[in-house]
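Novice: Need the 3D shape of this:
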Amino acid sequence: MAIRPIIIAPDPVLKAKAKPVENIDGGIVRLMDDMLETMYKAPGIGLAAPQIGILQRVIVVDVADKDEKPQPFAMANPEILWQSDETSVHNEGCLSLPDHYADVTRPKQVRLRYIDRDGEVRELDADNLLATCVQHEIDHLNGVLFIDHISLLKRNMIMRKLQKAKKSQETV
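Specialist: Coordinates of the predicted model:
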């Protein structure tokens, strides 16, 4: 397993659409393991392959509390089959937009289908934080960031700060 560098916005790869995983092989399993290690080290509760520069439809999530045993999910080709009409608001952040947070409204519950690390097709009913997290990560696979769900004014403020930080990093 290896910790991979996380891409920070603005970067065009974060706006690109990821390609479906053709089959679960050793490379995809290794990618899932690396993503989990990277996510835990960051620390975060979710990570999508595009965030480490790989345009494959792979996400990992673990919303267990710090005092709980880890409960990781590694998913290839996740797709939402159903979402509730009821919504919830969570203050979201993103490893690719460090130190920026905003309230985002999303469906409170979702049912999704994905392929696990053993190549088995699974379905998962998720609610509350887990539902928010998988929707956030699936958005990444479609080139959508959480700031795309907030007002244009707030989004532009965050992007300007990120661009300024990136420029100051490049001059160092």
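
Novice: so how many other residues sit close to Ile147?
Specialist: 22 (other CB atoms under 10 Å). Yep, even glycine has a C-beta here, placed from its N, CA and C like the rest.

Novice: my bad, should have said Glu137
Specialist: So Glu137, with other CB under 10 Å, has 25 neighbours.

Novice: Kindly format the C-alpha coordinates of the longest helix along the chain as CSV.
Specialist: Criterion DSSP state H: the longest helix present in the chain is helix 152-170. Extracted C-alpha coordinates of helix 152-170, given in CSV (Å, rounded to 0.1, in the frame of the first residue of the first chain):
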residue,chain,number,x,y,z
LEU,A,152,-22.0,31.2,-7.3
LEU,A,153,-20.7,33.9,-4.9
LYS,A,154,-19.5,31.4,-2.3
ARG,A,155,-18.1,29.1,-4.9
ASN,A,156,-16.1,32.0,-6.6
MET,A,157,-14.7,33.1,-3.2
ILE,A,158,-13.4,29.6,-2.4
MET,A,159,-12.0,29.1,-5.9
ARG,A,160,-10.2,32.5,-5.8
LYS,A,161,-8.6,31.6,-2.4
LEU,A,162,-7.5,28.2,-3.8
GLN,A,163,-6.0,29.8,-6.9
LYS,A,164,-4.2,32.3,-4.8
ALA,A,165,-2.8,29.5,-2.5
LYS,A,166,-1.8,27.4,-5.5
LYS,A,167,0.1,30.4,-7.1
SER,A,168,1.9,31.1,-3.8
GLN,A,169,2.9,27.4,-3.6
GLU,A,170,4.3,27.5,-7.2
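
Novice: Verify the assumption that Leu129 is located in a strand.
Specialist: No - if the criterion is DSSP: H, G, I helix; E, B strand; the rest coil, then Leu129 is helix and not within a strand.

Novice: Please report how far it lies from Glu37.
Specialist: 21 Å (CB to CB, to the nearest Å).

Novice: ok, back up a step: can you name every helix or strand that the longest helix of the chain contacts?
Specialist: strand 97-107 (3 or more CB pairs under 8 Å, 6 or more residues apart in numbering; DSSP states H and E).

Novice: Buried ones in the strand it packs on, by neighbour count?
Specialist: Judged by neighbour count (16 or more other CB atoms under 10 Å), strand 97-107 contains these buried residues: 97, 100, 102, 104, 106-107.

Novice: Cheers, nothing more for now.
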